[in-house]
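Trainee: the sequence isn't on hand, but the structure is:
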């Protein structure tokens, strides 16, 4: 099992990757994801196992993320292991 510090680092990295990919994709509706995802930094403390409940700031930031942005970002994050030649993440195991 990974340490809390390791999981925290992984969560922070995934958030940074999502922010970077959204920024790199630029124009159109996806470009609107950048400020929405930036606000999700308020959720970083909640992204590790055993974390406290999310803060009001985190919940507010999450409620401001559009459906298009959320789906695009989740797709990008889920494709990351394959793009790095790693096995897919299976969360049901």
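Mentor: Received the coordinates, thanks. Since the model is a prediction, treat every value here as computed from it, not as a measurement.
Trainee: who does the helix or strand hosting residue 76 touch, helix- and strand-wise?
Mentor: Using DSSP states H and E, the element containing residue 76 is helix 67-83. Packed against helix 67-83 by the contact rule (3 or more C-beta pairs under 8 Å, 6 or more residues apart in numbering; DSSP states H and E) you find helix 4-25, helix 33-39. Using the backbone N, CA and C atoms, a C-beta is placed for each residue, glycine as well.
Trainee: by mean pLDDT, show me the worst of these.
Mentor: Ranked by mean pLDDT, the helices and strands packed on helix 67-83 end with helix 4-25 at the bottom, a mean of 58.
Trainee: quick one: residue 65 from residue 87, how far?
Mentor: If you measure residue 65 against residue 87 using C-beta to C-beta, to the nearest Å, the figure is 28 Å.
Trainee: picking that back up, please identify the buried residues of the helix holding residue 76?
Mentor: 69, 72-73, 76, 80 (16 or more other C-beta atoms under 10 Å).
Trainee: then stretch 37-51?
Mentor: By 16+ other C-beta under 10 Å, the buried positions in stretch 37-51 come out as 37, 40, 42-43, 46-48.
Trainee: who has more neighbours, residue 65 and residue 87?
Mentor: Shown here are residue 65 and residue 87; by other C-beta atoms under 10 Å, residue 65 has more neighbours (17 against 7).
Trainee: my guess is the more buried one contacts residue 34, does it?
Mentor: No. With contact defined as C-beta atoms under 8 Å, residue 65 does not count as touching residue 34 (11.4 Å).
Trainee: and the contacts of stretch 81-93?
Mentor: Stretch 81-93 has contacts (C-beta atoms under 8 Å, 6 or more residues apart in numbering) with residue 78.
Trainee: separation between the nearest residue to residue 57 once chain neighbours are set aside and residue 92?
Mentor: Nearest in space to residue 57, with sequence neighbours left out and distances taken as C-beta to C-beta, 6 or more residues apart in numbering, is residue 42 at 4.0 Å. As judged by C-beta to C-beta, residue 42 and residue 92 stand 29 Å apart.
Trainee: one more: residue 71?
Mentor: For residue 71, the distance to residue 92 - C-beta to C-beta - is 20 Å.
Trainee: now the end-to-end length of stretch 46-61.
Mentor: 13 Å (C-alpha to C-alpha, to the nearest Å).
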